[in-house]
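Participant: need a 3D model of the sequence below.
(chains A and B)
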Amino acid sequence: MTPLFAWLFDTLDERLGLRAPGRKVANKVFPHNWSFLLGEIALFSFVVLVLTGVFLTMFYRPSIEPVTYNGSFELYAGTTQPAAFESILRLSHDIPGGLLFRRIHRLAAHLFMAATVLHMVRIVLTGAFRRPREINYLLGIGLVTIGFAAGFTGYSLPYDSLAGTGIRIAYSELLSFPVVGDALAFWVFGGDFPTGDVIPRFFVFHVMVLPAMLIGAITVHLLLVARQRHTQFPARGIDGHRFVLGKPLWPAQFAESATLLLWIGGLLAAASVLIPWSDISLIGPYVPGEVGNNAQPDWYMFWVEGALRVFPALEFSVFGIMTISGPFVAGILIPGLVFTALAAYPFVERRVYGLRGDWHVLTNPLEIPLRAAFAVGTFGFVLIISAAATNDILSRMTGIPIEVFIWVFRIATVVLPPIGALLIYRYSTRRLERSGRTVAATEDEAMKPYLFPGPPTAESMARSGSQPED
Amino acid sequence: MTAPSNDGLEVIERTDPPPSQINDSIVALTAVGAAISGIVFAVTLLLGGPVLLYGSAMAAALLLLAVAVRRYFTAKYPDITAVEPRVPPAAGAGEEPITDVESVNPRRSFLGWLLAGAAGVLGLSLAAPVASLGPSPGDTLRRTRWAPGTRLVTGDGTPVRPSDVAAGGIATIWPEGDIGHERSSVVLIRLNVEPQTPTNQAWVVDDVVAYSKVCTHAGCPVALYRERDNALFCPCHQSTFDPSRGSVPTFGPAARGLPQLPMGTDDDGYLVALGDFEAHVGPALPRGM
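Facilitator: This is a model prediction of the structure:
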């Protein structure tokens, strides 16, 4: 420590008593694995989103009132545009740094969603959701949901042609709720689409309500990780059920996290310079009654978009009091079922295998056939139906009529995930049988192959290269 | 910085980095490079330079600083691997009340439930303002802005004669006075085949027919006309309609046809609506068709 830091630390310590808890925090051991960085990447993308978002908010106008753009960008100079769209034109072309920070913000949103979703996939595959971490797992599912809402509202705010299409479909999805759909849609939109209220309302959600929810949920998420400690991959010679193996927060983990934050900032800036992400001046403003080809949402909404595209024509009335329609089943029920399945899975796995006690050591999903099948089935379904959202692009690229692609995706979505789940279930079951093992009911039992007698010591680590005693 | 044992932390592997002139040079060079890049970023941004320049400078500054931080820590501190016991949370600890505040009248638990219930009822009541967020839908979604005699106009307000629609042509049309009211938008098509049922022949004027432009699936504008098979096509979810047969859905997720606008001409020969659509336009309504 330099004298300045030492003085600062002493000053604070004398007033707040930091030394003992500070040392405890600094000594906290972090297990190491590349996949543990996914959550951190999501966290740091969120930091970038907040920083750039504050800058964008200084210039954005949440209104669709027509105004004249008088800036320097020739294509739109002197034209009348919705205020939201005009303010982003101004931000992008007339405010130094505006274009850079807008692109970084968009790109950081993609990275945030990608890292969040992959983090969730990692948690599901390795079983990090098991007791005692069910609460944090459910909180994580909630975070993914809030992330979707934050991404979608942000995508809508520029009020460009794509945003208009997205908002339109969102309105129709609300309208599709049986019995109460029209009231619901009017509550959210302030009336019949398109209204002047939707942009101001989405703005409030995007810059206030959803970030507040995210900050709150992320804070609790991290506090719970700290309280319950990290899970870790099995290491030979280490009783992971009772000990955490890794590197202390100070200095190893701190250096790694600081470096990662800088890498993320630098790579986002570099990619924003090289690629004109979400250039709304090329897309054009929302125009009533118009929609272009290539009306794709952001990639993380592909699965909902794909479901809307491949789900067959369906609309029927139940006793004349409620209508069940395709958009309700494809856009509300199917995503709802996927999230429900994800939230319920930890409890199903525990019950099916009669698991007991706490679990801190991650497992290969092939060791738990049900989990392998669940992951392949669920994530396979989401992947295939996401691909269906690109059917118009595939059709144009290949020259094959779009009807063919729609039928291919209809069949693939229904047939492939169950087949994949079944195959991986049989494979992992046989894999267990071949080695004469069963799914362990307690972690101590599961850890046996990795353990030597006695507590972990430098000697047991030194022997860790040798074979376990089965 | 070795770990004291009283935290339960046990160092099981420790590597001290050897002094390295090269590493020190890397730290110095990248740190100075980061600072210079930062200055370049600030100066070019303030002078109104191109985004390519100040954006690259910002990226370089952050990436160089990342390298500097990494190398700095690697050379300065030992690489420590340690184990730490997992201390299970002591569930149930601290059950004893801190002060002597145990209930002295346990039979009053009914009042506790009453209190909780009252708070719950109040909480639900406070949700009432949600209803202020939007008007009551009523039959808004069953009506559009078309009325008997309303002229069909283009996006710039020009009224339309049947002869204005080219063969195989398609135009987006609005009710006069309500341009941009999306639910009232209409596509006007000159059919190049004989219209068949369920097209209402009485509303076809010189082979020109008008249908609601709002897709009955998810409300997108049915913006494309595909000449190879005379199909109206929605680019959002690929619902396909046949305008020569009353715009019945022929493929894709839409379950209902696009309602046909009752249409005729006025005394000046311009196209006018004879009334509102007979069926509701757009996606399914939540209560009945």
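
Participant: for the stretch 51-200 of chain B, give me the ranges with low pLDDT.
Facilitator: B:89, B:91-102, B:106-107 (pLDDT under 70).

Participant: quick one, helices of it?
Facilitator: B:51-76, B:109-125 (DSSP state H, counting those that start in this stretch).

Participant: tell me the secondary structure for A:Ala412?
Facilitator: Following DSSP: H, G, I helix; E, B strand; the rest coil, the label given to A:Ala412 is helix.

Participant: for A:Pro62, what are its contacts?
Facilitator: A:84, A:157, A:199-200, A:202-204 (CB atoms under 8 Å, 6 or more residues apart in numbering or on different chains). C-beta coordinates here come from the backbone N, C-alpha and C atoms, glycine included.

Participant: quick one on the thing from earlier: format the helices of the stretch 51-200 of chain B as CSV; extra columns: distance to A:Thr126 and mean neighbour count.
Facilitator: Output for these, formatted as CSV (distance: least, CB to CB, whole Å; neighbours: other CB atoms under 10 Å in any protein chain shown):
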stretch, distance to A:Thr126, mean neighbour count
helix B:51-76, 27, 21
helix B:109-125, 39, 10
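
Participant: between these, which one is nearest to A:Phe30?
Facilitator: Each of the helices of the stretch 51-200 of chain B has some distance to A:Phe30 by CB to CB; the shortest is helix B:51-76, at 14.4 Å.

Participant: with just CA atoms, put the strand ranked longest in chain A into PDB.
Facilitator: The single longest strand within chain A, with elements called by DSSP state E, is strand A:243-248. This file holds the C-alpha atoms of strand A:243-248, laid out as PDB (Å, rounded to 0.1, in the frame of the first residue of the first chain):
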ATOM      1  CA  PHE A 243     -14.200 -26.200   1.500                       C
ATOM      2  CA  VAL A 244     -13.900 -23.600  -1.200                       C
ATOM      3  CA  LEU A 245     -10.800 -23.800  -3.400                       C
ATOM      4  CA  GLY A 246      -9.700 -20.700  -5.200                       C
ATOM      5  CA  LYS A 247      -7.900 -17.400  -5.200                       C
ATOM      6  CA  PRO A 248      -8.500 -14.600  -2.600                       C
END
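
Participant: any idea of the angle the next helix or strand after it forms with strand A:243-248?
Facilitator: Later in the chain than strand A:243-248, the nearest helix or strand by DSSP states H and E is helix A:254-274. Angle of helix A:254-274 versus strand A:243-248, following axes from the mean of the first three to the mean of the last three CA atoms, to 10 degrees, is 60 degrees.

Participant: run the contact check for helix A:254-274 versus chain B.
Facilitator: Yes - Helix A:254-274 lies within reach of chain B by CB under 8 Å from any CB of the partner chain, at A:254-255, A:258-259, A:262-263, A:265-267, A:269-270, A:272-273.

Participant: quick one: mean pLDDT over that helix.
Facilitator: Helix A:254-274 shows an average pLDDT of 96 in the prediction.

Participant: chain center to whichever helix or strand comes after it, what's the gap?
Facilitator: Per DSSP H and E, the first helix or strand lying C-terminal to helix A:254-274 is helix A:280-283. Computed by CA atoms, centre = their mean, to the nearest Å, the chain-centroid distance of helix A:280-283 equals 26 Å.

Participant: for helix A:280-283, packing partners?
Facilitator: Counting contacts by 3 or more CB pairs under 8 Å, 6 or more residues apart in numbering or on different chains; DSSP states H and E, helix A:280-283 is packed against helix A:83-94.

Participant: again, only this time at 10 Å
Facilitator: helix A:83-94, helix A:98-126, helix A:161-175 (3 or more CB pairs under 10 Å, 6 or more residues apart in numbering or on different chains; DSSP states H and E).

Participant: buried residues in it?
Facilitator: Applying a neighbour-count criterion of 16 or more other CB atoms under 10 Å in any protein chain shown, one finds A:280-281, A:283 buried in helix A:280-283.

Participant: skipping its backbone neighbours, what lies nearest residue 84 in space?
Facilitator: In the absence of a named chain, chain A is used. A:Tyr159 (4.2 Å; CB to CB, 6 or more residues apart in numbering or on different chains).

Participant: actually chain B
Facilitator: In space, B:Glu84 is closest to A:Val29, 4.2 Å off (CB to CB, 6+ apart).

Participant: sweet, I'm off.
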